[in-house]
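*Asks:* this one's structure only:
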């Protein structure tokens, strides 16, 4: 059974930083690309960032490019999302996922709330 557990969300002022962590248990972590998605109230879930299975390639939504950084730690079976220069519009529940294509994700974490105050 594959399980993804996020942590690191919280309340931060605009311009601040947070780091999200996702620990994966079960399955072969090193064989899969991993992604972060987010869902704001009354909006569709959207792609934020992804990292290839090797960690060599990263991908970002235009809205977070230059501010967020995704990485993976294979020794800890973890995926990290460093979020800098946060904006109120980044407020959402952030979800870790196995996969990067919203339509093809096969496992999701439970989500962690990120709230950015103006």
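*Replies:* Cool, the structure landed. All figures in this text were calculated on a predicted structure; none of them were measured in a lab.

*Asks:* which intervals of the chain have sub-threshold pLDDT?
*Replies:* Across the chain, nothing is flagged by pLDDT under 70.

*Asks:* point to the residue nearest the middle of it.
*Replies:* residue 36 (2.8 Å; CA atoms, centre = their mean).

*Asks:* so that residue is in which element?
*Replies:* strand 34-39 (DSSP states H and E).

*Asks:* partners of that strand, with directions?
*Replies:* Strand pairing for strand 34-39, using DSSP bridges, gives strand 46-51 (antiparallel), strand 92-98 (antiparallel).

*Asks:* reformat those as JSON lines; add distance to residue 24.
*Replies:* Every residue, glycine included, has its C-beta placed from N, CA and C. What follows is the strands paired with strand 34-39, written out as JSON lines (distance: least, CB to CB, whole Å):
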{"stretch": "strand 46-51", "distance to residue 24": "12"}
{"stretch": "strand 92-98", "distance to residue 24": "7"}
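
*Asks:* let's have those strands in a markdown table, adding mean neighbour count.
*Replies:* Below are the strands paired with strand 34-39 laid out as a markdown table (neighbours: other CB atoms under 10 Å):
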| stretch | mean neighbour count |
| --- | --- |
| strand 46-51 | 21 |
| strand 92-98 | 23 |
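
*Asks:* what's the closest of the ones you listed to residue 85?
*Replies:* strand 46-51 (14.5 Å; CB to CB).

*Asks:* off-centre distance for the closest one?
*Replies:* 7 Å (CA atoms, centre = their mean, to the nearest Å).

*Asks:* same question, stretch 91-99
*Replies:* With CA atoms, centre = their mean, you get 5 Å for stretch 91-99.

*Asks:* the residue nearest to residue 82 when sequence neighbours are not counted: neighbouring residues, count only.
*Replies:* Leaving aside its sequence neighbours, residue 82 sits nearest to residue 69 (CB to CB, 6 or more residues apart in numbering; 4.5 Å). Using other CB atoms under 10 Å, residue 69 is surrounded by 16 other residues.
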